[in-house]
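Asker: my questions concern the predicted model and sequence given below.
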Amino acid sequence: MTMNRHAKDFFDFIRSQGVAGLAIGFLLGGAVQKLISAFVTDILNPILGIVFGVTSGIQGAFLQIGPVKILWGDFANAFIDFLILSLVVYVFVKAIGNGKKPGA
């Protein structure tokens, strides 16, 4: 096989498997994740920090039991990120699913 044939096979694979669409989705997913993370860290955490009485935002919240600190704030921050990102993905997938062609 020549190099030309490999290139043709590669581009046929990309076209048939939708690899370009997957790559674009991957890049956009990373951007959305950063946006949601910034929203949770910079906007939602301080508001929740006021509600829970934690001056550094919810991310710095902890429960002290004797000499042990249970850092539940970091977990709550990651969980909120996960929930919001899951909701965004769910809405996006539902929107795409409704746009499918009949019989596709």
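Answerer: Ah, there it is. Numbers count the residues shown, from 1 in each chain.

Asker: quick check, pLDDT for Gly57.
Answerer: Predicted confidence (pLDDT) at Gly57: the value is 72.

Asker: can I assume Lys69 sits in a strand?
Answerer: Yes. Assessed by DSSP: H, G, I helix; E, B strand; the rest coil, Lys69 belongs to a strand.

Asker: correct me, but it touches Ala61?
Answerer: No. Look at Lys69 against Ala61 with C-beta atoms under 8 Å: they stay out of range, at 10.3 Å. Where C-beta positions appear, they are placed from N, C-alpha and C, glycine not excepted.

Asker: who has more neighbours, those two?
Answerer: Ranked by neighbour count (other C-beta atoms under 10 Å), Lys69 and Ala61 place Ala61 first, with 22 against 10.

Asker: ok, for the more buried one, nearest residue in space, not its chain neighbours?
Answerer: In this structure, Ala61 finds its nearest non-sequential neighbour in Gly73, 3.3 Å apart by C-beta to C-beta, 6 or more residues apart in numbering.

Asker: list the buried residues for the helix or strand where the one you found lies?
Answerer: Using DSSP states H and E, the element containing Gly73 is helix 72-98. Across helix 72-98, burial judged by 16 or more other C-beta atoms under 10 Å covers 73, 76-77, 80-81, 84-85.

Asker: just put the residues you listed in JSON lines and tack on pLDDT and distance to Ala7.
Answerer: Shown next, in JSON lines, are the buried residues of helix 72-98 (pLDDT from 0 to 100; distance: C-beta to C-beta, whole Å):
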{"residue": "Gly73", "pLDDT": "82", "distance to Ala7": "52"}
{"residue": "Ala76", "pLDDT": "85", "distance to Ala7": "50"}
{"residue": "Asn77", "pLDDT": "83", "distance to Ala7": "46"}
{"residue": "Ile80", "pLDDT": "87", "distance to Ala7": "46"}
{"residue": "Asp81", "pLDDT": "86", "distance to Ala7": "41"}
{"residue": "Ile84", "pLDDT": "88", "distance to Ala7": "42"}
{"residue": "Leu85", "pLDDT": "85", "distance to Ala7": "37"}
